[in-house]
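Asker: Sequence plus predicted model, see below.
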Amino acid sequence: MKGKSGLASIRLRLLASFILVLILATTLSVIVVRAILVNRADQGIDAELIQETREMRRLSTGSDPDTGQPFDGRVRRIFEVFLERNIPARHEAQLTYVDGQPYLRSRSVVPYRLDQDETLTQRWANIEEPDRGRVDTPGGPIEYLAVPLRAEGETAGVFVVAIFRELWLDEIDPAIVGAAGVGAIVVLIGSFLAWRLADRILGPVERVTEAARGISESDLRGRIEITGTDEIARLAQTFNEMLDRLEQAFTTQRRFIDDASHELRTPITVIQGQLDVLGDDPEDRRKTLEIVTDELERMSRFVTDLLLLARADQPDFLALGSVDVSTLSEEVFTKAKSLALRDWRMDDIGRGLMIGDRQRLTQALIQLAQNAVQHTHEGDVISMGSSVSDGRVRIWVTDTGPGITPSEQSHIFDRFHRGHPRRASSEGAGLGLSIVRTIAEAHHGRVEVDSRLGEGSSFTIVLPVDQPEPSERLAV
């Protein structure tokens, strides 16, 4: 529960952080959009004020449409014609002043009658130069442009264009609301995607947690399903590889314990039985001592073999060095001839160097020779040989014993496999060929067997000339 609550907390924190970033980004976007629109609105206000005053000046220099005669400074008629022709926008007010008093105004409905404001009348009615500015009114702030119309060198009237800023800005509100709405949708969609992303990221972590929680010493089979090739997939792969190593280590440990308990039980029982019936007769004591000593020696050999197999996965199992194949072949053949009286023969001797552990290879080959001795009789032929070709070293031991059935050949390298009774002529623990295979595989090689009933058997150790890097596996 603690693991799940921790992951849920991480998911919520990720989601909250992502949503917060989206909200901040959306808010900033709306603010930026509004600032841009307001700036464009200000530019539009300036343009509209200038446009209206230009039209007024253009009209003042023209002719009366009713008479076709020039206006000749008749500002009252100019104002009448202009206001008749122009329909201002709802946010715009057009005012005229003659002789210092309000004259005509546009008929648009605006929040406040500017022509009735005495302060504004005093500001605009008698100006001599154009006046551009902003003032606050009961109807809200306005932007204005007031221009005087001259006749005979004097100000005959004043034309004012005023824009209610808030009414103008109201026109950009839909755009801002739309931007905010789009931002809200982005936040919702982003939140959903953030939740899915958090689940995508933390899902494998949850599976790792569940797999770790389900692991016990008795069950290390749980694995995480790997999907994709991203960092999470590599994490799952690394976790699975760790479980593989742990499972292999625990399997080796359990096998060692099972093997030891299985094989040590018999000699211990024999020793206990002999001691229980031990009498006072010297001859009986001598025979009992011989039996006990033999069983103890067998136990010692067995424990030594088990320890060797248990160390097979350790980095220091092999002491690699340069090995001369011909020298190794001759030395092993000389040692093997002392095992028993057989017709020992040397086949071909390979020439060349290889990388390997000379002592371990000698141990494996002597074990094969010992195995051949155990399944042959005096006068039978046992031959040994070696070859070097195609980057491979092959060293073999061949005997003329009874042979091995096809069904048995697939099991002879298993631990404690003693074979068919007609081949079992020793009291070994059945670890010899397992040790041979372990040494060969530690060199990234293999052991091959070729045997037919009644025709003998041939065991060949196949090894690479050069040992691969630790991360590589040799395809043999």
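Answerer: In hand now; what should we look at?
Asker: centroid residue for this protein?
Answerer: Residue closest to the average C-alpha location in the chain (C-alpha atoms, centre = their mean): residue 231, at 1.2 Å.
Asker: helices and strands around the longest helix seen in the chain, which ones?
Answerer: With secondary structure taken from DSSP state H, the chain has its longest helix at helix 2-60. Counting contacts by 3 or more C-beta pairs under 8 Å, 6 or more residues apart in numbering; DSSP states H and E, helix 2-60 is packed against helix 75-85, strand 92-98, strand 140-151, strand 154-164, helix 165-170, helix 173-214. In this view, the C-beta of every residue, glycine as well, is placed from N, C-alpha and C.
Asker: since we're on residue 195, how many residues are nearby?
Answerer: 16 (other C-beta atoms under 10 Å).
Asker: Please read the previous query as pertaining to residue 60.
Answerer: 23.
Asker: Pull the contacting residues for it.
Answerer: When contacts are counted by C-beta atoms under 8 Å, 6 or more residues apart in numbering, residue 60 touches 71, 75, 78, 149.
Asker: so what pLDDT did it get?
Answerer: With respect to pLDDT, residue 60 has a value of 83.
Asker: Use 52 as the first number for this chain going forward.
Answerer: Shifting the count to begin at 52 puts that one at residue 111.
Asker: Break this structure into its domains for me.
Answerer: Annotated domains of the chain cover 52-111+223-265, 114-219, 282-361, 369-515 [automatic domain parsing].
Asker: looking at those, which is closest to residue 274?
Answerer: domain 282-361 (5.1 Å; C-beta to C-beta).
Asker: and the host helix or strand of residue 500, which residues are buried?
Answerer: Per DSSP states H and E, residue 500 falls inside strand 497-503. Of all the residues in strand 497-503, those buried under the rule 16 or more other C-beta atoms under 10 Å are 498, 502.
Asker: Neighbouring strands of the following helix or strand past it in the sheet, and parallel or not?
Answerer: Counting by DSSP H and E, the next helix or strand C-terminal to strand 497-503 is strand 507-515. Strand 507-515 pairs in its sheet with strand 443-450 (antiparallel), strand 497-503 (antiparallel), by DSSP bridges.
Asker: where are the low-confidence patches of the stretch 302-451 of the chain?
Answerer: Scanning the stretch 302-451 of the chain for pLDDT under 70 picks out 303, 306-318, 321, 325, 345-346, 349, 352-353, 356-357, 360-366.
Asker: Check the burial of the residue nearest to residue 431 when sequence neighbours are not counted by counting its neighbours.
Answerer: Leaving aside its sequence neighbours, residue 431 sits nearest to residue 451 (C-beta to C-beta, 6 or more residues apart in numbering; 4.9 Å). Residue 451 has 20 neighbours, counted by other C-beta under 10 Å.
Asker: if I pick residue 451, what's in contact with it?
Answerer: Residue 451 neighbours (C-beta under 8 Å, 6+ apart): 427, 431, 432, 433, 506, 507.
Asker: how about 7 Å then?
Answerer: 427, 431, 432, 507 (C-beta atoms under 7 Å, 6 or more residues apart in numbering).
Asker: Please dump the residues you listed into TSV; it should also carry secondary structure for every row.
Answerer: What follows is these, written out as TSV (DSSP: H, G, I helix; E, B strand; the rest coil):
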residue	secondary structure
427	coil
431	coil
432	strand
507	strand
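Asker: Which single one of those is nearest to residue 205?
Answerer: Nearest to residue 205 among the contacts of residue 451, with distances taken as C-beta to C-beta, is residue 507, at 139.0 Å.
Asker: Dig out what that closest one forms beta bridges with.
Answerer: Counting by DSSP bridges, residue 507 is bridged to residue 503.
Asker: isn't it right up against residue 448?
Answerer: No. Residue 507 lies out of contact with residue 448 (C-beta atoms under 7 Å); the separation is 10.7 Å.
Asker: who has more neighbours, the two?
Answerer: Using other C-beta under 10 Å as the criterion, residue 507 and residue 448 rank with residue 448 on top: 27 against 22.
Asker: quick one: contacts for the residue lying closest to that one once chain neighbours are set aside?
Answerer: Excluding the flanking residues, the one nearest residue 448 by C-beta to C-beta, 6+ apart is residue 419, at 4.1 Å. Taking C-beta under 7 Å, 6+ apart as the criterion, residue 419 is in contact with 448, 487, 510.
Asker: Could I get the CA-only coordinates of stretch 162-174 as PDB?
Answerer: Extracted C-alpha coordinates of stretch 162-174, given in PDB (Å, rounded to 0.1, in the frame of the first residue of the first chain):
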ATOM      1  CA  PRO A 162     -22.800  57.000 -22.500                       C
ATOM      2  CA  TYR A 163     -22.300  60.700 -21.800                       C
ATOM      3  CA  ARG A 164     -23.300  64.000 -23.400                       C
ATOM      4  CA  LEU A 165     -19.900  65.600 -23.900                       C
ATOM      5  CA  ASP A 166     -21.400  68.800 -25.300                       C
ATOM      6  CA  GLN A 167     -23.100  69.400 -22.000                       C
ATOM      7  CA  ASP A 168     -19.900  69.200 -20.000                       C
ATOM      8  CA  GLU A 169     -18.800  72.700 -19.100                       C
ATOM      9  CA  THR A 170     -15.200  71.600 -18.400                       C
ATOM     10  CA  LEU A 171     -14.900  70.100 -21.800                       C
ATOM     11  CA  THR A 172     -16.500  73.100 -23.500                       C
ATOM     12  CA  GLN A 173     -14.000  75.300 -21.900                       C
ATOM     13  CA  ARG A 174     -11.200  73.000 -23.000                       C
END
